[in-house]
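Provided below are the primary sequence and the corresponding predicted coordinates.
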There are 2 protein chains.
Amino acid sequence: MTLAPARRDLQAALQDRGYRLTGPRKRVAEAVGRKQEDGFTAESLCAEVQDTGRATVYRTLKLLLEAGVVCKLPMPDGAPRYMLAQLEHHHHTVCVRCGAVGEFRDTTVERVVRSMGKEITGEIVGHRMEFYIICTSCKAARKA
Amino acid sequence: MTLAPARRDLQAALQDRGYRLTGPRKRVAEAVGRKQEDGFTAESLCAEVQDTGRATVYRTLKLLLEAGVVCKLPMPDGAPRYMLAQLEHHHHTVCVRCGAVGEFRDTTVERVVRSMGKEITGEIVGHRMEFYIICTSCKAARKA
DNA sequence: GAAAATATGAGACACAATATCAGTAAGTCC
DNA sequence: GGACTTACTGATATTGTGTCTCATATTTTC
Ligand SMILES: [Zn+2]
Ligand SMILES: [Zn+2]
Ligand SMILES: [Zn+2]
Ligand SMILES: [Zn+2]
């Protein structure tokens, strides 16, 4: 196993859930695996993966999302960005200019979640927290 | 001023920002004001406000959003929900079944934001935190 | 009231994403 | 391998949310 633990085998993730490991799915998974650092949009993925229908790309992306190996970030404006998940449970920073995505874990956030659980009427089934930022390279580019 | 402090005058909010207070905008603002408790979708608002074009409803909604008197919540699946803002700065709970929206304030969340500001490279321009819940009425309905 | 600025709305458009469904490819059992 | 069952694929149509256009209408200012 030469792969870093954070970069799980996307293909295996599909197989483990009882999905067939087909050619198109392999191609999508490979393309996602290549985008390790940056986030990407579903459409950019469609453009990148050759010989594969748009519907299949979207469907595979959804499977990977369910399997927890990619994350989906709603953007305040425009298409959501996807990203290969690196950490088990985490939250995100997104640059509102270039879409670069970062992950972080913060125990304080999870503490908030637990304490809110007592105050909120109803059952908490999920939570999300995002920081919208202007990343350093975008900031530098803006000055020029 | 018989209005509750949390329920700001939507019309005044538009006027304060230098926008003309026109008939269509009044109608949209009124309709939004009526939806105090629940969230709503942009399309449902279009259907509700008579004698007003869809484009104008969307435009007015955007103005109210900029003015900070309504909030927009991306849903994990489907159309974003809008809601009349009650608190100055706040976060949301959303029922994933019926879409009911609640607001809450938590100083801990804001403390997280400040502490993350030091750790994150780049300028934080916004943040969001949401709890996805199954509300008590949906839970009760499910048992039946 | 005339002129300038702004707002409106019908309809076209853009875009993301899903639904349809005939055709194809995997897995299964013999 | 061959017959069968089940799952997957992808071209296309459709939906849904939101924006753009631009001719017309309304406000505001003078
Ligand atoms: Zn992530
Ligand atoms: Zn968390
Ligand atoms: Zn709100
Ligand atoms: Zn509910």
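Yep, that arrived. Just so you know, these numbers come straight off a predicted model, no measurement behind them. Numbering: from 1, shown residues only, chains lettered A, B, ... in the order given. Ligands and ions are numbered 1, 2, ... in the order given.

What segments of chain A are strands?
Under the criterion DSSP state E, strands of chain A are mapped to A:70-73, A:81-84, A:91-95, A:101-104, A:123-134.

what lines up beside the last one in the sheet?
Using DSSP bridges, the neighbouring strands of strand A:123-134 in the sheet come out as strand A:91-95 (parallel), strand B:123-134 (antiparallel).

out of these, deepest packed?
With neighbours defined by mean count of other CB atoms under 10 Å in any protein chain shown, none of the strands paired with strand A:123-134 is more surrounded on average than strand A:91-95, at a mean of 22. In short, each C-beta sits where N, CA and C put it, glycine included.

average model confidence for it?
Average pLDDT, strand A:91-95: 91.

then that strand to PDB, C-alphas only?
Provided in PDB are the C-alpha atoms of strand A:91-95 (Å, rounded to 0.1, in the frame of the first residue of the first chain):
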ATOM      1  CA  HIS A  91     -15.000  21.500   7.200                       C
ATOM      2  CA  HIS A  92     -13.800  23.800   4.400                       C
ATOM      3  CA  THR A  93     -12.300  27.000   3.300                       C
ATOM      4  CA  VAL A  94     -13.200  28.100  -0.200                       C
ATOM      5  CA  CYS A  95     -11.700  31.000  -2.100                       C
END
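
How far off centre is it?
Offset of strand A:91-95 from its chain centre (CA atoms, centre = their mean, to the nearest Å): 10 Å.

Is that strand in proximity to ligand 1?
No - against ligand 1, strand A:91-95 shows no contacts by CB under 5 Å from the ion, the least distance being 5.5 Å.

ok, and what's touching that strand?
Residues outside strand A:91-95 that contact it (CB atoms under 8 Å, 6 or more residues apart in numbering or on different chains) are A:39, A:71, A:73, A:75, A:81, A:83, A:100-106, A:109, A:128-135, A:138, B:120, B:122.

Filter those down to the buried ones and hand me the ChimeraX line.
Remark: buried members of these, expressed as a ChimeraX selection using 16 or more other CB atoms under 10 Å in any protein chain shown:
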select /A:39,71,73,75,81,83,100,101,102,109,128,129,130,131,132,133,134,135,138 /B:122
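
With respect to A:E30, which of the strands of chain A lies nearest?
strand A:81-84 (11.6 Å; CB to CB).

For the residue in chain A positioned nearest to ligand 1, name its beta-bridge partners.
Nearest residue of chain A to ligand 1 (CB to the ion) works out as A:C71 at 3.3 Å. A:C71 has these beta-bridge partners by DSSP bridges: A:M83.
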